[in-house]
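Chemist: Have a look at this prediction, sequence included:
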Amino acid sequence: MSSSTNAIDEIRSGFEKSGYICSSQIATSIFLAQRLQKPLLIEGPPGVGKTELAKATAELVGKPLIRLQCYEGLDEAKALYEWKYGKQLLYTQVLKEKLGDLMTGAHGLKESMARLHDFDDTFFSEEFLEPRPLLKALWQPGGAVLLIDEIDKSDDEFEAFLLELLADYQISVPELGTIKARTTPIVFLTSNNTREIGDALKRRCLHLYIPFPEAALEKKIIAARVPEASEKLREQLVSFVQGLRELDLKKKPAVSETIDWARTLVLLHAEDLGVDMVRETLNVLLKFQDDIENVDGELNALTSKAQAAAE
Amino acid sequence: MSDVLGDFIRALRASDVRVSTSETIDAGDVIQLVGYDDRQVLKDALGQVLAKSEEEKTSFDETFDRYFAFDQFKNQKAANGNADTEAEGGDGEGDAESGQQESDQQGQSGQSGEGQQGEGGPSSGGGSGGATEAGEGAATERDLVALLERGDQTELQMALAEGAREAQLNNIRLFTQRGLYTRRIMEAMGLDGLNEEIDRRQANGNEAGAENLREARDGLREQVRDYVEKQLEIFTANAGRQLREEVLSQVRLTNVDRSDIKIIRQLVRKMAKKLVALHSRRRKVTQRGVLDVRRTIRANIEFDGLLFHTIWKKKKVDRPKVMAICDVSGSVAQVSRFLLMFLYSMQEVLPDVRSFAFSGRLGEVTDLFKTEDIEMAMATALQEHGGGSTDYGKAFEDFTDLALDDIDHRTTILILGDARSNYGDPRSDLLHKVHERARRVIWLNPEGRSMWNSGDSEMRRLQPYCDKAVTCASLKELERVVSEILRHAS
């Protein structure tokens, strides 16, 4: 048993304490991200806990989570920094008033200019900088967990602009120069694969693919998240959902849907999975009418299979 | 960087996983961090550094399992690679790895730890100076006899891996090279000395001793051959396919063998992906007229709020609209199939593709290709619109009825066909009309230029209304055409 295996197990049990059940692969990725100080790009179908992983990590390491939700048209003014225009305008006003005092007794233009140059220029300085999530993460004194959510929704330009941050944990403000991270943050990027992420970005990141969980893992997740559900019900519903995922669906139910469903069933005081119960609550699992209709014929078979699995 | 890792990455590249230099360095860091002792952790960790998409992950898993098949043998090889870096006085990385490895090794056999050092030393020395090599060669020869007599498998395998390294087995590419490499490795291990020893014993009347050695030699040869075959499998897993792909992308699509269609489909998908990546960077054009107030004020603060510089809002340009008219009769059908496949594989950059199929009459097949699998769609299209003699006149009539109103200055019209209208009127007047409305009309002809205008080919009458008419018979040519449509997008 080497130290790295120990550390990975520790991360895993740490997650479990905070209710995030993960595979050893996920724990390994967190271990690597921490040790190699590299950003972690997480891909996978929606609802498998990509964002949740970042939250759990923030809790585990006890650092604040700073989240940046990406969308089309997101630019650096919203992601990185913005100048405080109002204050800057006020500053110029004040400067103008003070200018008179400064220039008294100066002979000629040359001397005036010299005095002006001596004057401290704070127009572009950190005081007038309004930090946005990325800059905030770099400035956080004790370090932070930075979550750049759904990077695939942003534009290509934004992706390119992230490269400097991801590679060196620094950013360039043209008027000020580069700003380095005070403490290297742990960076997560998530993607739903609506478009292909550029190679340059991928190269700078560790890459973790989270698939739908296996039955055993999913049972553990349900046990942790919905402890009210009886063990029998848990077995049944997980086996049902696993069976459902094998069908050809527009959108397969993810872990988040399984959790929702388990909560629904608990709320309805279900002890046992019945076909009618399943039919009535199926809209919690499947989000397309087409899917619900397609599955209808299979419900009996799936339910009885789930019941058999729990025996 | 250790040899094991280097070889592993070559094996990965051979199976279509793209690994950059910086990722290789990362992989080195990862190995230093997690070591070789927990296989699953090593696999997970390397996978996250080296394979960066779902398909790559699958290839990675396969290659990893094949390469780090943790029989005793591979373990030896791993140890050996590390010993080399250490002997070369390399970086601290090598030390840490082999340190861990050695303790692992000692668990297996008491002696191998020392054997490893002994083997690693001379080989790296031999690399630096040719003169010393002969002397060391003699040493290994004597060793081989001793090794065989001792019959210690672990040590033998160590020597074998070392010999393989010297013979540069990782350059093996063809299965016909198996014999060559087997002999080279045997020689590197000291075959000559062994043969001499056998002769000497024979001459001295030590018949039994000679026979023993001879048997051991044959056994060793067997082992070396096995080893070479395994390595061949690792390093050339994909080489055959790569070669085939290269050939297939240039061969005329009409001549493609049925059995190759699957590969071609994958190839099309790959090429389309490349094009998508190349062109997905959206171009921006400045549109005068809408002022970006916020940014204008921001830019003019230094002028005390006086608006010197105006900044205008930018608007993205739409993707081109493409209408593809495909002849689905006879030999042209094959090319049509791949053109449509190409176009539909690029939804991301070509979201607006409408397709029409014809031979006698023309019909729209856009929805068919969007919803069905390409093979199914093609079969249905052929059934609905194929058959009957080709008539370009009728086809253009149907096309203008169906779609003329939707053609605008952003529409690119692709026509794929051999222009053989069975001596019917091709209705070039209709194509003229289309040409006037559309941004561009491109004619793709699967026949070579020399065949145009021969027999019932009507290229002569249709070509004046095309902005471009090109031969398009192979995948490479298809790729060029599609790429060009995208290049003129804005």
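Modeler: That came through fine.

Chemist: ok so B:E479 is a strand residue?
Modeler: No. Under DSSP: H, G, I helix; E, B strand; the rest coil, B:E479 falls outside any strand and is assigned helix.

Chemist: need the contact list for it.
Modeler: Going by Cβ atoms under 8 Å, 6 or more residues apart in numbering or on different chains, B:E479 touches B:S249, B:M271, B:L275, B:F342. No exception for glycine: its C-beta is placed from N, CA and C like everyone else's.

Chemist: ok, how many other residues are close to B:E364?
Modeler: Neighbour count for B:E364, taken as other Cβ atoms under 10 Å in any protein chain shown: 16.

Chemist: taking the contacts of B:E479 one by one, which sit in helices?
Modeler: B:M271, B:L275, B:F342 (DSSP state H).

Chemist: so which of those would you say is closest to A:S18?
Modeler: B:L275 (45.0 Å; Cβ to Cβ).

Chemist: Run through who's touching the helix or strand containing A:A114.
Modeler: Per DSSP states H and E: A:A114 is located in helix A:108-118. With Cβ under 8 Å, 6+ apart as the test, helix A:108-118 has contacts from A:L102, A:M103, A:A106.

Chemist: Around chain B, pick out the residues from the stretch 51-200 of chain A.
Modeler: A:W83, A:Y85, A:Q88, A:L89, A:T92, A:F123, A:D155, A:D156, A:R195, A:E196, A:G198, A:D199 (Cβ under 8 Å from any Cβ of the partner chain).

Chemist: Those residues: which two are farthest apart?
Modeler: A:T92 and A:E196 (46.1 Å).

Chemist: burial count for B:G190?
Modeler: Applying other Cβ under 10 Å, we find 24 residues neighbouring B:G190.

Chemist: Oh, that last question was meant for B:R214, not what I typed.
Modeler: As a burial measure, B:R214 scores 15 neighbours (other Cβ under 10 Å).

Chemist: In terms of helices and strands, where is it?
Modeler: helix B:207-235.

Chemist: and that helix, which residues are buried?
Modeler: Neighbour-count burial for helix B:207-235, with 16 or more other Cβ atoms under 10 Å in any protein chain shown as criterion, is recorded at B:209-210, B:212-213, B:216-217, B:220, B:223-225, B:227-228, B:230-232, B:234-235.

Chemist: just stretch A:9-26 next, same as before
Modeler: Neighbour count says stretch A:9-26 has A:I11, A:R12, A:G14, A:F15, A:Y20, A:I21, A:C22, A:S24, A:Q25, A:I26 buried, by 16+ other Cβ under 10 Å.

Chemist: Could you see whether chain B lies near the helix or strand in which the fourth one is found?
Modeler: Counting by DSSP H and E, the element that carries A:F15 is helix A:3-17. Yes. With Cβ under 8 Å from any Cβ as the criterion, chain B is reached by helix A:3-17 at A:S4, A:T5, A:I8.

Chemist: shaky segments in the stretch 1-150 of chain B?
Modeler: Within the stretch 1-150 of chain B, the ranges that satisfy pLDDT under 70 run B:1-2, B:69-142.

Chemist: What residues does it have near chain A?
Modeler: Residues of the stretch 1-150 of chain B lying near chain A by Cβ under 8 Å from any Cβ: B:18, B:20, B:22-23, B:26, B:29-30, B:33-35, B:37-38, B:40-41, B:44-45, B:48-49, B:51-54, B:57, B:100.

Chemist: count of neighbours near the closest residue to A:I292 other than its chain neighbours?
Modeler: Distances taken as Cβ to Cβ, 6 or more residues apart in numbering or on different chains put A:L286 closest to A:I292, at 5.0 Å, once the chain neighbours are dropped. A:L286 has 21 neighbouring residues, counting by other Cβ under 10 Å.

Chemist: A:L286 reaches A:T258, doesn't it?
Modeler: No. With contact defined as Cβ atoms under 8 Å, A:L286 does not reach A:T258; the gap is 12.0 Å.

Chemist: follow-up on the earlier one: quick one: which of the residues of the stretch 51-200 of chain A next to chain B sit in strands?
Modeler: A:W83 (DSSP state E).

Chemist: Among the residues of the stretch 51-200 of chain A next to chain B, name the buried ones.
Modeler: Neighbour-count burial (16+ other Cβ under 10 Å) applied to those gives A:W83, A:Q88, A:D155, A:R195, A:G198.

Chemist: Adding pLDDT and distance to A:E231 as columns, could you present those residues in TSV?
Modeler: Output for these, formatted as TSV (pLDDT from 0 to 100; distance: Cβ to Cβ, whole Å):
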residue	pLDDT	distance to A:E231
A:W83	87	58
A:Q88	85	63
A:D155	80	48
A:R195	75	42
A:G198	81	46
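
Chemist: Thank you kindly, that will do.
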